[in-house]
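Peer 1: build the 3D model from these lines:
(chains A and B, ligands or ions: 1)
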Amino acid sequence: MEKFTVLEAIAAPLMRINIDTDVIIPSREMKRVSKDGLSDGMFANWRYTTPGGREENPDFILNQEPYRRAKILLSGDNFGCGSSREHAVWALAEWGIRCIITPKFGNIFYGNCVRNGILPVVLANDIVENLAEQVAADPASHLIKVDLIQRTVTAPDGTIHVFDIAPADQEMLLEGLDAIAVTMRRDDEILAFQARDRLSRQWVYLDTK
Amino acid sequence: MPLTIIEKIWNEHQIADLGDGTCLIYIDRVFLHERTGSVALKGLEATRRPVRNPEQAFCTMDHIVDTFPGRSDETTMPGGKDFIQTTRAAANAAGINLFDLNDPRQGIAHVISAEQGIALPGVTLVCPDSHTGTLGGLGALAWGIGSTEAEHALATKTLVVKKPKTMRVNFEGALPFGVTAKDMILKLIGEHTASGGVGYAIEFAGEAVRQLPVEARLTLCNMTVEFGAWSGLVAPDDTTFDYVRGRPFAPSKAQWEQAVAHWRTLKTDDNARFDKEITINCSNIVPQITWGTSPMHETGIDQRVPYPAIESDPAKRAAIERALEYMDLSPGTPLEGVPIDAAFIGSCTNSRISDLRAAADILRGRKVAKGVKAICVPGSGLVKAAAEAEGLDRVFTDAGFEWRESGCSMCFFAGGESFGLEERVVSSTNRNFENRQGPRTRTHLASPTTVAASAVMGHLTDVRNLG
Ligand code: SF4
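Peer 2: Numbers count the residues shown, from 1 in each chain, chains lettered A, B, ... in the order given. As a prediction, this is how the structure comes out:
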């Protein structure tokens, strides 16, 4: 996974509340056996003019320049609520989103972000709204800077906001580790356990059968 | 310190205590299927991670495959072929054991897991499927996981798991005539709600459980997830060992003796403490039937559709009202006698040979009522073959049932085949959620014998009258 340290990027304000995972990726867009290829169906109901169609809706913000190149999403309260589908995060990540800033995340969605290299940032509602206003004034040059080492978000006007993140989550993102990589740091312990276990429960091990 | 069987198995598999209430747990067996396992295998491929110990990982085709005779990779579900072919390629590339479409052993994951001796007493077994707890019937600690966790289990042989609370459910007394393991678990969920087991691993104990053959124990454990529980099991005993002996992936020769000696230690110590205990007296259980859209919406077949007013909690009352509207049932209607459009015998809950025998005993010499579409889907290719060797297929087809290839089939609607809009189905499956068996299909859960009896009568029926 790509490491996340410091990101300075175009931010897209999607300032609605309760954007659920079904909106982020409708279930009919999850037809493939893969974590890849989902970005095409991301926000499909808003992004395209007809259900299942691919004609772009020019009113949808991510279809507009410079937001097409956004790496940061600003959103209203409770982003990523609803069904636990990890496809929502896979779609966002593949499309190019690396950081989401909102007053509150859906619980499971938050964990899925961390596991998939997207930094979830929680800031107070008025701060997020203020960031959105600053960005909207001149989206191409009013960039937002997110520093995961310092745990800060710098607004286009230079104001700095500090955010919270659990140390384990911070480390996973900083080092670009996923859950498997974190567990693999205990690989010696796992292999030692297995070696002992092989002696006491031989019958479980089918290669010795 | 006296320990429960759950703690014993947990301790045997704990590699590390990670502090925050979670432990790193060693996983003995991983089972996959084409609907979610495919995603896990592709995920590993994308990150170039090999499957560790592929000989202990298994995969079947059950969820999406058609069950019509003469089926192929083509499916009624749009796009299903991609799942099947991707799974086949990825499973072969990873070197795991695959029960492919044309394999005589193919079948529903949780059915073949027991049938092949893959699930064993005391092992940890996971599958990206919510009904994995079925294998607790053999004394395995088994639970359902997500695709990403399946990747983790395949790559590392471990999972990070939150330590569950423990519960013992004691089924005391003997099961009356016409009452099955399916009725026991429905009764438990009906009495203690669909969330009664949340956060718990359960040991099913008591005289009635000890008397159950292994296949019925699998049925009992199959629905622990409908009780909200993380997992559930029955302590292994001689009944279990007799069932496991000689199965293809089970230990043999010297290892068999060692294994059995170890398995005998896997029982709850006297005085061990559970976080919760429930006792159910079996002598007054009658055949159960669901009337609503949750497995807890259930009662005895001799009862009536409830009045929403019995519920004082407004949210629960609203749920009953909504369920009755969906099911098109009026309060006070006797359940016995509600006309049905279809009958389904199958699924990981009730599609094993003993289920088919019991249903066939009801159907022998009888006919399905006019206008009722009746389908039987054996749980595995081997169940199907065994049934055919006994002539059960003829009993089903003579009665008017369709006789299918094995798979999940119409247990859940994946976008392919269904019973149809607002059709009323009596079903041996485990979920009666809205739209579970198809858009606006109405499901009544029951034992396979109740399904067979109802198919014959053309309406929900007390099987004891046909016995
Ligand atoms: S038979 Fe039904 S419940 Fe069982 S695994 Fe298949 S879809 Fe799930």
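Peer 1: and the helix or strand bottoming out on mean pLDDT in chain A, what does it pack against?
Peer 2: Of all helical and strand segments in chain A, the minimum by mean pLDDT, DSSP states H and E falls on helix A:107-115, at a mean of 86. Here helix A:107-115 touches helix A:87-95, strand A:119-122, helix A:167-175, going by 3 or more Cβ pairs under 8 Å, 6 or more residues apart in numbering or on different chains; DSSP states H and E. C-beta coordinates here come from the backbone N, C-alpha and C atoms, glycine included.
Peer 1: kindly present these as CSV, with separate columns for mean neighbour count.
Peer 2: Converted to CSV, the helices and strands packed on helix A:107-115 look like this (neighbours: other Cβ atoms under 10 Å in any protein chain shown):
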stretch, mean neighbour count
helix A:87-95, 24
strand A:119-122, 21
helix A:167-175, 16
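Peer 1: follow-up on the earlier one: now the least confident helix or strand of chain A: how far from the chain's centre is it?
Peer 2: Remark: helix A:107-115 is offset 7 Å from the chain centroid, using Cα atoms, centre = their mean, to the nearest Å.
Peer 1: same thing with stretch B:423-431?
Peer 2: On the basis of Cα atoms, centre = their mean, stretch B:423-431 sits 14 Å off its chain's mean C-alpha point.
Peer 1: need the per-residue pLDDT for residue 18.
Peer 2: In the absence of a named chain, this looks at chain A. Note for A:N18: predicted pLDDT of 88.
Peer 1: was after chain B, sorry
Peer 2: 90.
Peer 1: just checking, it touches B:L24?
Peer 2: Yes. B:L18 is within contact range of B:L24, at 6.0 Å (criterion: Cβ atoms under 8 Å).
Peer 1: so what sits against both of the two?
Peer 2: Both B:L18 and B:L24 are contacted by B:V160, under the criterion Cβ atoms under 8 Å, 6 or more residues apart in numbering or on different chains.
Peer 1: so which of the two has more stuff around it?
Peer 2: Taking other Cβ atoms under 10 Å in any protein chain shown, B:L18 and B:L24 do not tie; B:L24 has more neighbours (20 against 15).
Peer 1: doesn't that one fall inside a strand?
Peer 2: Yes. According to DSSP: H, G, I helix; E, B strand; the rest coil, B:L24 belongs to a strand.
Peer 1: ok, now which ones touch it?
Peer 2: A:T183, A:R186, A:E189, A:I190, B:Q14, B:I15, B:A16, B:L18, B:T158, B:L159, B:V160.
Peer 1: give me the element the fourth one is part of.
Peer 2: Using DSSP states H and E, A:I190 falls within helix A:187-200.
Peer 1: buried stuff in that helix?
Peer 2: Of all the residues in helix A:187-200, those buried under the rule 16 or more other Cβ atoms under 10 Å in any protein chain shown are A:I190, A:F193, A:Q194, A:D197.
Peer 1: quick check: the last one vs the ligand, distance?
Peer 2: Read it as A:D197. Applying Cβ to the nearest ligand atom, to the nearest Å, the value for A:D197 to the ligand is 29 Å.
Peer 1: that residue and A:W203 touch, don't they?
Peer 2: No. Using Cβ under 8 Å, A:D197 makes no contact with A:W203, being 11.1 Å away.
Peer 1: in contact with residue 164, which residues?
Peer 2: No chain specified, so I'll use chain A. When contacts are counted by Cβ under 8 Å, 6+ apart, A:D164 touches A:V122, A:R151.
Peer 1: that's the wrong chain, I meant chain B
Peer 2: B:P164 makes contact with B:I6, B:G199, B:Y200, B:A201, B:W230, B:S231 under the criterion Cβ under 8 Å, 6+ apart.
Peer 1: next, give phi and psi for it.
Peer 2: phi -80, psi 160 (degrees, to the nearest 10).
Peer 1: identify the residue nearest residue 21 in space, chain neighbours excluded?
Peer 2: Going with chain A. A:A88 (4.0 Å; Cβ to Cβ, 6 or more residues apart in numbering or on different chains).
Peer 1: to clarify, I was referring to chain B.
Peer 2: B:K162 (5.7 Å).
Peer 1: ok and the residue in chain B nearest chain A?
Peer 2: Closest to chain A within chain B is B:P251: 3.5 Å, counting by Cβ to the nearest Cβ.
Peer 1: hang on, the earlier thing: report pLDDT for the residue nearest to A:T21.
Peer 2: What the model reports as pLDDT for A:A88 is 93.
Peer 1: for chain A, give me the ranges with low pLDDT.
Peer 2: Across chain A, the ranges flagged by pLDDT under 70 are A:209.
Peer 1: quick one: the strands in it, in order.
Peer 2: Listed in chain order, the strands of chain A (DSSP state E) span A:6-9, A:11-14, A:72-75, A:99-102, A:119-122, A:144-147, A:152-154, A:160-162.
Peer 1: who wins for proximity to the ligand among those strands?
Peer 2: The ligand sits nearest to strand A:119-122 of all these, at 32.0 Å, using Cβ to the nearest ligand atom.
Peer 1: just list what that closest one packs against, helices and strands only.
Peer 2: On a contact count with 3+ Cβ pairs under 8 Å, 6+ apart, strand A:119-122 meets strand A:99-102, helix A:107-115.
Peer 1: export the ones you listed to TSV and append columns for mean neighbour count.
Peer 2: Formatted as TSV, the helices and strands packed on strand A:119-122 follow (neighbours: other Cβ under 10 Å):
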stretch	mean neighbour count
strand A:99-102	24
helix A:107-115	21
